[in-house]
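Undergrad: Please find the sequence and the predicted model below.
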Amino acid sequence: MDWLKPLLRRWFDPEDGARNSIVARWIFLRALAGIYFSAFYSLLFQIKGLIGPHGILPAGLRLTAVAHYYGATRFWHLPTLFWMSSGTQMLMAVTWAGVVASLLALCNVWPRISFFICFICFLSFVSAAGDFSNYQSDGMLLEAGFIALLFAPGGIWPGWAADHPPSRVSLFLLQWEWFRIYFESGLVKLLSGDVQWRNFTAMDEYYQNSPLPTWIGWYVEHLPHWFHAGSVAVTLVMELAIVWMLFFPRRVRLICFCIVTPWEIGVILTGNYAFLNYIVLAMGFLLLDDVYLRRWLPKAVEGKLHSEPTNESPAEPALRRSLHVAGVSVVAMILIWIGYVTIAELTPMVLPGVRLPSEPAVALEPFRIANQYGLFAVMTRGRYEIEFQGSNDGQNWQPYIFSHKPQLLNERPGIYAPYQPRFDWNLWFASLGDWQQNDMVPLAEEHLLLNDTDVLALFRANPFGASPPHYVRAMLWQYWFTSMDEKRSTGNWWRRSLLGQYAPTLVRSSDGKFEIAHPADDLPPHD
């Protein structure tokens, strides 16, 4: 086993780590902390209405069902702190712990501990939230966040930690995640068979039909077809070819960075995809060598980045050295496990006839730290919006106004990512199906009939004040961007057409039960 020690030291031991990635590590970790902060900050205003005891999908109900199904193994299959309690105080305590830990990590205070708290708190929410956390961006953050625990320097005030560089494998796995997000997204576009990618029309209405558009996207949507067709070509070339530059020498990686970074900034400006693109943008800095990044630093700071490798001292206590080797060995097993799972998930996409053993992937799946990605495999062909309405007489209806998703025709689409309004996001997906597949819609109606304050906090305002309406329904509209002429003449950013009633009209009877006052309509195709 003498051959194993130098191998472990070379690839897994920070003492022989990537000394040319100190600045890139510092930038990435600060960005990751900011992304964690955005995730927890948005939950402060939503978590009670989403999964609280009086929320749309209470975490307690999900935990009870999982405990009944898995029994003693429920803690592995659903790793969350909310097993201790899923009450409001616990939900808020975990969220606030994440906020504080992310700010400490942003200030580079005890980064390993701070990022560990962030990871545990966010994993707790993702595991317990069910339908409200089935996003690829959540998996991206958990995967990057877990690897960051083994990538970040130790100590309370590590500074640049130039004498404790990141291990080479932890750096590579973060770069590998960046690569897979792009490459697997390119593959699914081809494998899905969506004709819009094949005939170069996928981007023609992309900016209008994305989950939460921006006002910049409104203007880009009105560019000529040749621009959108060119965007399709560039997207496919970048995702399937350019990202392979990661595996070339540093000058080629610099060129790759200069191509993909402006592209990511463009995506951020034209669509609100929560913190998804911010994660990819941050990981892109790990392509850069400190040779380039140090040029942008003040000379006083740059001087702190010079360090010499630390060699093992013969006088070093044998026990301490043995514990260090044991720790490196454990880290090596964890990182190899993650690396294997990501390769096992990618292999069938490239080689359909090849299947690697899936047991390691199944065991790791509950933690969402080794994921398969694939963005925009199939482009939606229309923009549909669900609108909740209340009435006291069944004739005159008042809409519940959202804060973020398109609704008011004259309201300019905003730019608010990385903030993520999860209920708004879920309604975009629900609008592409029917209410039987999305029970959160009638459940939300029930909460509106109760004037539930936690659920009402997911909306901009309550049009009925202290007294709840007698009836609540959900309507489905199709939305389009207005034309340039329409915008100039009316001031509206949107136009819309009513497709029908999406979910049944609910009423609360005298005994407190919810009843259907009017069934949902048979709606035309909307996908």
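TA: Received, thanks. Numbers count the residues shown, from 1 in each chain.
Undergrad: which SS class is residue 517?
TA: Assigned state for residue 517: strand (three-state reduction, DSSP: H, G, I helix; E, B strand; the rest coil).
Undergrad: average pLDDT across the longest helix along the chain?
TA: The residue-count maximum for a helix in the chain (DSSP state H) belongs to helix 318-350. With pLDDT averaged residue by residue, helix 318-350 scores 90.
Undergrad: Can you tell me which helices and strands that helix packs against?
TA: Contacts defined by 3 or more CB pairs under 8 Å, 6 or more residues apart in numbering; DSSP states H and E place helix 318-350 against helix 4-12, helix 136-151, helix 168-191, helix 359-364. In this view, the C-beta of every residue, glycine as well, is placed from N, C-alpha and C.
Undergrad: and the next element down the chain from the third one?
TA: As assigned by DSSP states H and E, the chain's next helix or strand after helix 168-191 is helix 195-198.
Undergrad: quick one: average confidence on that following helix?
TA: 95.
Undergrad: Identify the residues contacting the helix or strand following it?
TA: Using DSSP H and E, the helix or strand that follows helix 195-198 towards the C-terminus is helix 206-209. Residues outside helix 206-209 that contact it (CB atoms under 8 Å, 6 or more residues apart in numbering): 213, 217-218, 220-221, 228, 270-271, 379-383, 479-481.
Undergrad: For the next helix or strand after helix 206-209, which outside residues touch it?
TA: Later in the chain than helix 206-209, the nearest helix or strand by DSSP H and E is helix 215-221. Identification of contacts with helix 215-221 by CB under 8 Å, 6+ apart yields 205-208, 210, 269-271, 412-415, 481, 493.
Undergrad: Give me the buried entries from those.
TA: The neighbour count (16 or more other CB atoms under 10 Å) marks 205-208, 210, 269-271, 413, 415, 481, 493 as buried among the contacts of helix 215-221.
Undergrad: List just the nearest of these to residue 290.
TA: In terms of CB to CB, no member of the buried ones among the contacts of helix 215-221 lies closer to residue 290 than residue 269, at 28.9 Å.
Undergrad: Who are the contact partners of that closest one?
TA: Residues near residue 269 by CB under 8 Å, 6+ apart: 214, 216-217, 415.
Undergrad: got the end-to-end distance for stretch 360-374?
TA: The first and last residues of stretch 360-374 sit 21 Å apart, counting by CA to CA, to the nearest Å.
Undergrad: Could I get the buried residue list for it?
TA: Neighbour-count burial for stretch 360-374, counted by 16+ other CB under 10 Å, picks out 360-361, 364, 366-374.
Undergrad: Looking at these, which are in helices?
TA: The helices in this structure, assigned by DSSP H, contain 360-361, 364 from the buried residues of stretch 360-374.
Undergrad: What count of nearby residues applies to the nearest residue to residue 285 once chain neighbours are set aside?
TA: Spatial nearest neighbour of residue 285, chain neighbours left out: residue 27 (4.8 Å); criterion: CB to CB, 6 or more residues apart in numbering. By the criterion of other CB atoms under 10 Å, residue 27 has 15 neighbours.
Undergrad: before we move on, what about residue 518?
TA: Residues lying near residue 518 (other CB under 10 Å) number 13.
Undergrad: hang on, the earlier thing: let me know the closest of the ones in helices among the buried residues of stretch 360-374 to residue 145.
TA: Distance to residue 145, by CB to CB, is smallest for residue 364 among those, at 14.6 Å.
Undergrad: related to what we said a few turns ago, ok, the buried residues of stretch 360-374 vs residue 108, which is closest?
TA: Nearest to residue 108 among those is residue 369, at 23.3 Å by CB to CB.
Undergrad: wait, what's in contact with the residue lying closest to the closest one once chain neighbours are set aside?
TA: Spatial nearest neighbour of residue 369, excluding adjacent residues (CB to CB, 6+ apart): residue 146 at 4.2 Å. Contact partners of residue 146, counting by CB under 8 Å, 6+ apart, are 119, 338, 367, 369.
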